[in-house]
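> Coordinates only, no sequence provided:
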């Protein structure tokens, strides 16, 4: 087990290294001149050259990469070349809590919908309830998150005016302002995800219900409710852990689009704006952070699963 | 408001308009100075020469210098949305590249000069100034007792510091704005003297203007040193009416009244929040819900205008906008080739490439475009000179230009060029930005309907698009200019062989110019730049404008309108209504 | 998915248990509904030129008019008939879905089969690449590739296909790893068949079941992917009426014209729903373990 963990850690580190190189060199293929974008209408020839020099864009690629990489190891992701030379790490650190808040709330919403739905449909298998839950799960799975986001804006922001249509307010300004800005985007992201978890819970509950210890519990005459919530449900959650890695991918992909609908400047919006501005360091940093999280969450899930499920052995 | 009304209104403003030409030698003189005793002999002569125009300005109501700014309640918080933008990237004048940024900094910093609502330069930190006989030396007396937001006193050293920072291309992107300055001397703590390399009539209104000039917007040395450039770009320190108390990228800027501002009557408001709002629906929802009082930033989405006008809680104020948008036609493209514009129009009209260019320009049904593409809010353009320039705008050009809408003529030209009904004509790509995609689609549709040619719209992010345009690697491009207050902004910047947008990065061996080059236009534009008499200048501008229109420097499309939308609870006095700017220090809550 | 019942066949069955499939579909109401919806959309796609009442790109001054007899789904902000645009969008969306998956399938399965069959260096290199790709969420890869290649229909198809490639490679590789120890592969080797023939004639057909399931659900991801990219302005060109683009364009007008926000999204949801129904039934019929996206 110890060597497995070590191998996975080293492996993940190597993957991140390769990711960094890939991200750096591929974006240099992107057409477009960041200097022109920055200077907009104000650019004179001299200003242009000065800026190119200052950003090191006139140096050979390998030199640029070495500089960037050695900086990276010290936690320096470079400075944004669009606007006012903000350190990329600052931009990402500002964006991170927004995306994390969004991901967290989406996750909560997904669980709040999925757990009762999954339990309900498993315990009432093949009834109308099961069919209804299943249909809604399919609908949730099939609905594009950005469309749901638009529908939510039409109804709750534009017509009813219950919730703000865009923006983000940090938690430090109060629970409700924070929450009110995140509810709609979180529903947009969380709905599809809840469908996946609900189906997962349902099928693993069904498997668990057939297990020996459930028969024991039933023979002891425990009430149905206790059987389900004490015994069946916690065991059914084990396989759900495996989808958390996938969950992260879904949440991030969802966040990229939904953040742009709700104008929340999280990682996704930073990424898209970076692409639009040809802001190399920002795009690099954003993609790197996203993939670092992704690699990390996969690693954690693998390790967690190894701990939870004794059937898996590692050599 | 239909475009007919708009034109009527533009015409009305034209009648009231006077010469606010920044390049005009008179333009630098404030009204105080015209009355004062420090007027130079040279200025007096010029005043006499321009007497008609200025006399008119003095007499007409609304154009009189605003003396009273005492009205307007003090206090309150104004919630602003900055439209069409996700974040205010920087507030450091040295880095600013967008109008929506200096709309904000104009309220945080001071300059030596600042234009007023008639686009006349007024002293800001400059209390008074003198211009030498030869027009090369500008001596400024600085306002005393001014402090920065961090408490540092302002004096001549700060002017020097700003100057040295701005002329260094490594530190500022606006070094060219003051390239004509040979020397800046500190005479004493409150007096400085600029020496120019050549006379430059627009020195006061362009180079020293606090908002759009950006090179001599006074920055704080102490602030830069204590905060560092990156943080200074977010929460800068200036001497302006408001100080920045908070700025989170993507969330917005919070401004608070600067109690030590030099003018005790300003600012009125205690606190201003500026939230970037990217997206049309959220903007409308926020305005209607009363969450937002006032909209600045990128041009207000035209599809919302009628909806906002119908709302009694909101005020919509529309003025002619200072700018133009065109379809740029690559003269180096095989089917639209014109390699020499220096021949009589009749000669040019015999060339196939020119026929196609002219056909495209004639095919533009500008009225339809404005209806469909702009929901009725815009003015048909036939040249770079826009209706906001009032005195210089030539309304007769719409009829007299070769470019005037004429579908039959356009079709005939295409047929004569060998493409009857568009048959055999190559497919063209019309480059736009993501924001102008919709307008591009309307243009493509009009060209297809009238000429039978296929035009594919290709929205590219600004950075890529401008690069291709600068290299002249385009077929057609939809683009143009904003913030054009002076004929120079339209003519010098766009219509001369050496204009800064005229294909600066093209392959100069293969392409002797970018999109247009005409010797007579070049000469007229040079001449109008230094013309002393406004009426004479107007005539030169008119001629240059007509040549660029007739010879199809580009196919002119429309002039935008300047739309201000705010809550009825907000008091926006006339002197706060500078096209393209937001004078938040003069705005108050009722 | 290593627990597929091992088959002991000397000659592989190319079609995976068609009778079992038919029986399973006959029982499954969802699958039938899904098939009917898919068939309907397929018909719409094929007959688009015939059934679309208007030219999808023809602009009129009849802008943002609400649904009526002439324009059953209303018109958009440029006066174009929304129904016609959605009908033509069907063609493009389905084409994107199918061609993307076809491309991902060909590339991914080839990589996976080669890696699994040869092992060693080939496996090492291919799997390291797949691992690398695994380090990014699929959609982030697609965004990144479109940013590099530029927008446009073809680029979008290639970008999404490349983003999905690793899923197919993994599935194919793990199937090959299981199957290559089977007797019929040994038998084929003894008979002196070439590697290529063994890989693609003998092993692959037996590995089809999970690949088919993967391909089916991937079509829905591809359709959603294209819609999302177009919605972000990173997708197809503006004169290509795809559902995602129609939604993106309509977004600025939804409070004045709700139909612009509702109908294109509905179309996307219906197709994806139908594919999910069918994919689910396939999974049951072919006895493939659920793996999630």
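Nice, I can see it. This one's a predicted model, so the numbers in the text were calculated from it and none came from an experiment.

> going forward, measure contacts between C-alpha atoms and count neighbours the same way
OK.

> and stretch B:249-260, average pLDDT?
Stretch B:249-260 carries an average pLDDT of 90.

> And stretch B:82-98, by the same measure?
Across stretch B:82-98, the average pLDDT comes to 86.

> can it be found next to chain C?
No. Stretch B:82-98 is not in contact with chain C by C-alpha under 8 Å from any C-alpha of the partner chain; minimum separation 11.4 Å.

> Residue B:246 sits in which helix or strand?
Applying DSSP states H and E as the criterion places residue B:246 in strand B:242-248.

> Next SSE downstream of that strand?
Per DSSP H and E, the helix or strand that comes after strand B:242-248 is strand B:252-257.

> averaged over its residues, what pLDDT does whichever helix or strand comes after that next one have?
Using DSSP H and E, the helix or strand that follows strand B:252-257 in sequence is strand B:271-277. For strand B:271-277, mean pLDDT is 92.

> what's the answer for stretch A:3-23, then?
Regarding stretch A:3-23, the rounded mean pLDDT is 83.

> Wondering if it reaches chain C at all.
Yes. Judged by C-alpha under 8 Å from any C-alpha, stretch A:3-23 comes into contact with chain C through A:15-16, A:18-19.

> Quick check: which ranges of the chain have low pLDDT?
Reading this off chain A. A:1, A:29-48, A:50-51, A:54-55, A:82-84, A:212-213, A:244-246, A:308-315 (pLDDT under 70).

> um, chain C though
Across chain C (using pLDDT under 70), the flagged ranges come out as C:1-20, C:287-293.

> need the residues of it near chain B, please.
C:58-59, C:61, C:63, C:78, C:233, C:237-239, C:251-255.

> Write a PyMOL command that selects only the buried members of those.
A single PyMOL command selects the buried members of the residues of chain C next to chain B (16 or more other C-alpha atoms under 10 Å in any protein chain shown):
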select buried, chain C and resi 59+63+78+233+237+238+251+252+253+254+255
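
> ok, and of the residues of chain C next to chain B, which contact chain A?
Among the residues of chain C next to chain B, proximity to chain A is found for C:251, C:254-255 (C-alpha under 8 Å from any C-alpha).

> In helices, which of those appear?
Judged by DSSP state H, helices contain none of those.

> show me the contacts for residue B:122.
With contact set as C-alpha atoms under 8 Å, 6 or more residues apart in numbering or on different chains, residue B:122 has these partners: B:30, B:113-116.

> Now do the same contact list for the residue lying closest to residue B:280 once chain neighbours are set aside.
Closest residue to residue B:280 apart from its sequence neighbours, by C-alpha to C-alpha, 6 or more residues apart in numbering or on different chains: residue C:252 at 5.2 Å. Listed by C-alpha under 8 Å, 6+ apart, the contact set of residue C:252 reads B:279-281.

> just to revisit the earlier point, among the contacts of residue B:122, which ones are in strands?
B:113-115 (DSSP state E).

> So which of the contacts of residue B:122 is the closest to residue B:551?
residue B:115 (34.5 Å; C-alpha to C-alpha).

> Count residues in the vicinity of the nearest residue to the closest one once chain neighbours are set aside, would you?
Closest residue to residue B:115 apart from its sequence neighbours, by C-alpha to C-alpha, 6+ apart: residue B:121 at 4.1 Å. If you count neighbours by other C-alpha atoms under 10 Å in any protein chain shown, residue B:121 ends up with 25.

> got it, and the one 10 residues further on?
Around residue B:131 there are 20 other residues, counting by other C-alpha under 10 Å.

> Was I right to think it contacts residue B:138?
Yes. Assessed by C-alpha atoms under 8 Å, residue B:131 is found in contact with residue B:138 at 4.7 Å.

> Let me know the pLDDT of the residue nearest in space to the middle of chain B.
Centrality entry for chain B: nearest residue to the mean C-alpha point is residue B:483, 0.6 Å, by C-alpha atoms, centre = their mean. In this model, residue B:483 is scored at 72, pLDDT.

> For chain B, what's the nearest residue on chain C?
residue C:252 (5.2 Å; C-alpha to the nearest C-alpha).

> how close does residue B:547 sit to residue B:402?
Distance of residue B:547 to residue B:402, computed by C-alpha to C-alpha, to the nearest Å: 10 Å.

> Residue B:521 too?
16 Å.

> and residue B:479, what element?
Applying DSSP H and E, one finds residue B:479 within strand B:476-482.

> And the contacts of that strand?
The contact list for strand B:476-482 (C-alpha under 8 Å, 6+ apart) reads B:321-330, B:428-432, B:436, B:440, B:469, B:490.

> And for residue B:353, nearest residue in space, chain neighbours not counted?
Excluding its sequence neighbours, the residue lying closest to residue B:353 (C-alpha to C-alpha, 6+ apart) is residue B:336, at 4.0 Å.

> show me the contacts for the one you found.
Neighbouring residues of residue B:336 by C-alpha under 8 Å, 6+ apart: B:329-330, B:352-354, B:356-357.

> quick one: pLDDT of it?
So residue B:336 comes in at 95 (pLDDT).

> In chain B, what helix or strand scores lowest on average pLDDT?
One helix or strand of chain B scores below all others by mean pLDDT, DSSP states H and E: helix B:51-59, with a mean of 30.

> Paired strands for the next helix or strand after it, with orientation please.
Counting by DSSP H and E, the element after helix B:51-59 in chain order, helix or strand, is strand B:77-83. Take DSSP bridges as the rule and strand B:77-83 pairs in its sheet with strand B:271-277 (parallel), strand B:294-297 (parallel).

> want to throw these into a markdown table with mean neighbour count and distance to residue B:204?
A markdown table is the format used below for these (neighbours: other C-alpha atoms under 10 Å in any protein chain shown; distance: least, C-alpha to C-alpha, whole Å):
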| stretch | mean neighbour count | distance to residue B:204 |
| --- | --- | --- |
| strand B:271-277 | 24 | 29 |
| strand B:294-297 | 25 | 25 |
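
> and those strands as JSON lines, adding distance to residue B:561?
Below are the strands paired with strand B:77-83 laid out as JSON lines (distance: least, C-alpha to C-alpha, whole Å):
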{"stretch": "strand B:271-277", "distance to residue B:561": "20"}
{"stretch": "strand B:294-297", "distance to residue B:561": "14"}
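
> Quick check: residue A:274 touching residue A:280?
Yes. Using C-alpha under 8 Å, residue A:274 is in contact with residue A:280, at 7.1 Å.

> Near chain A, which residues of the stretch 1-150 of chain C are found?
C:131-132, C:135-140, C:147-150.

> Adding neighbour count and secondary structure, write those residues out as a markdown table.
What follows is the residues of the stretch 1-150 of chain C next to chain A, written out as a markdown table (neighbours: other C-alpha atoms under 10 Å in any protein chain shown; DSSP: H, G, I helix; E, B strand; the rest coil):
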| residue | neighbour count | secondary structure |
| --- | --- | --- |
| C:131 | 17 | helix |
| C:132 | 21 | helix |
| C:135 | 25 | coil |
| C:136 | 22 | coil |
| C:137 | 24 | coil |
| C:138 | 25 | helix |
| C:139 | 25 | helix |
| C:140 | 21 | helix |
| C:147 | 23 | helix |
| C:148 | 18 | helix |
| C:149 | 17 | helix |
| C:150 | 19 | coil |
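
> Relative to chain B, how far out is residue A:140?
Separation of residue A:140 from chain B (C-alpha to the nearest C-alpha, to the nearest Å) stands at 25 Å.

> Show the contacting residues for that residue.
Here residue A:140 is in contact with A:191-195 (C-alpha under 8 Å, 6+ apart).

> wait, which of the residues you listed is closest to chain B?
residue A:191 (22.4 Å).

> is it true that the closest one touches residue A:111?
No. Contact criterion C-alpha under 8 Å: residue A:191 and residue A:111 do not qualify, at 9.6 Å.

> So if I had to pick from those two, which one is more boxed in?
Of the pair residue A:191 and residue A:111, residue A:191 is the one with more neighbours under other C-alpha under 10 Å, namely 26 against 20.
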